[in-house]
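Peer 1: Model the following, please.
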Amino acid sequence: MAQGNATREALIAAARSLFGEHGYADTSTDDVVARAGVTKGALYHHFSGKEALFRAVVERVQQDASDRAVAEFLDPDSWQALRRGCSLWIDAHLDPAVQRILMQDARAVLGWEEARDIENRFAVVALRGALRTAMNTGVIRREPLRPLSQLLMGALSEACVYITEAPDPDAALAEIDELLTTILGAFQIGDTEPD
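Peer 2: As a prediction, this is how the structure comes out:
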């Protein structure tokens with residue numbers, strides 16, 4: 001059992017690295033097994049094929065990227081938690097390997113619905129929890145959680161695209177950071193001040 005888990009993890013790690021470097025289309029299963037140091041039979045024991053392996057990689061990358069924000073979302077100061085968690089989510093998605101896997105290849109390979117389902121399970125659920133906490137603590141006004149979390153996640157995803165395509169990514173990041181504070185600030189109530 002432990003050896004099987006170790007083999008599966010080695011395959012995911014190797015595939016993650018290769019998919020991040022070269023993309024889905026330019027990575028073969030031979031490349032993956034060579035990098036993982038396992039046989040092709042081991043790959044097919046754990047995954048039905050390249051697409052299934054890629055799905056596992058997408059889930060892992062999405063979880064890792066979302067975990068950075070989730071840790072911040074748990075901060076007792078629910079305004080800061082929401083604000084910094086969203087910033088960390090953007091930061092995690094500025095890594096070129098993460099962009100290639102999640103923002104370029106995932107929808108093309110898995111299809112829009114499945115890629116969105118994975119994003120919803122890891123990122124949108126976490127954001128919804130942070131929004132719920134901020135509403136329950138009286139930091140932001142009550143709004144329908146599901147559409148608000150989807151709307152904000154869409155904005156965060158587009159922010160990543162904007163930053164990566166900008167001629168000056170640092171200036172673009174500063175613009176996005178200011179706009180993010182403005183957007184979230186539109187929902188604030190009480191005496192809470194944006195940072």
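Peer 1: going forward, measure contacts between C-alpha atoms and count neighbours the same way
Peer 2: Will do.
Peer 1: As a check, name the ranges of all helices in this protein.
Peer 2: For the chain, the helices defined by DSSP state H occupy 2-22, 29-36, 40-46, 50-73, 78-92, 96-98, 106-110, 112-119, 125-136, 145-165, 169-185.
Peer 1: Let's have those in a markdown table, adding mean neighbour count and mean pLDDT.
Peer 2: Shown next, in a markdown table, are the helices of the chain (neighbours: other CA atoms under 10 Å; pLDDT from 0 to 100):
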| stretch | mean neighbour count | mean pLDDT |
| --- | --- | --- |
| helix 2-22 | 18 | 93 |
| helix 29-36 | 17 | 97 |
| helix 40-46 | 15 | 95 |
| helix 50-73 | 20 | 93 |
| helix 78-92 | 22 | 91 |
| helix 96-98 | 19 | 93 |
| helix 106-110 | 16 | 95 |
| helix 112-119 | 15 | 92 |
| helix 125-136 | 21 | 93 |
| helix 145-165 | 16 | 92 |
| helix 169-185 | 15 | 94 |
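Peer 1: distance of residue 149 from residue 163?
Peer 2: Using CA to CA, to the nearest Å, residue 149 is found at 21 Å from residue 163.
Peer 1: now swap in residue 17 and tell me
Peer 2: Residue 17 is 23 Å from residue 163, by CA to CA.
Peer 1: try residue 184
Peer 2: 19 Å.
Peer 1: can you pull the contacts of residue 83?
Peer 2: 180-181, 184 (CA atoms under 8 Å, 6 or more residues apart in numbering).
Peer 1: And those, which is closest to residue 32?
Peer 2: For the contacts of residue 83, the minimum distance to residue 32 (CA to CA) is 38.7 Å, reached by residue 180.
Peer 1: May I have the phi/psi pair for residue 93?
Peer 2: phi -90, psi 0 (degrees, to the nearest 10).
Peer 1: and it, how far is that from residue 103?
Peer 2: Using CA to CA, we find residue 93 at a distance of 9 Å from residue 103.
Peer 1: before we move on, what about residue 16?
Peer 2: Taking CA to CA, one finds residue 16 at 14 Å from residue 103.
Peer 1: Which one of the contacts of residue 83 is nearest to residue 38?
Peer 2: residue 180 (44.9 Å).
Peer 1: quick one: contacts for the closest one?
Peer 2: residue 83.
Peer 1: before we move on, the earlier item: more neighbours: residue 93 and residue 103, which one.
Peer 2: More neighbours surround residue 93 than the other of residue 93 and residue 103, with 24 against 18 (other CA atoms under 10 Å).
Peer 1: what sits against that one?
Peer 2: 65, 99, 160.
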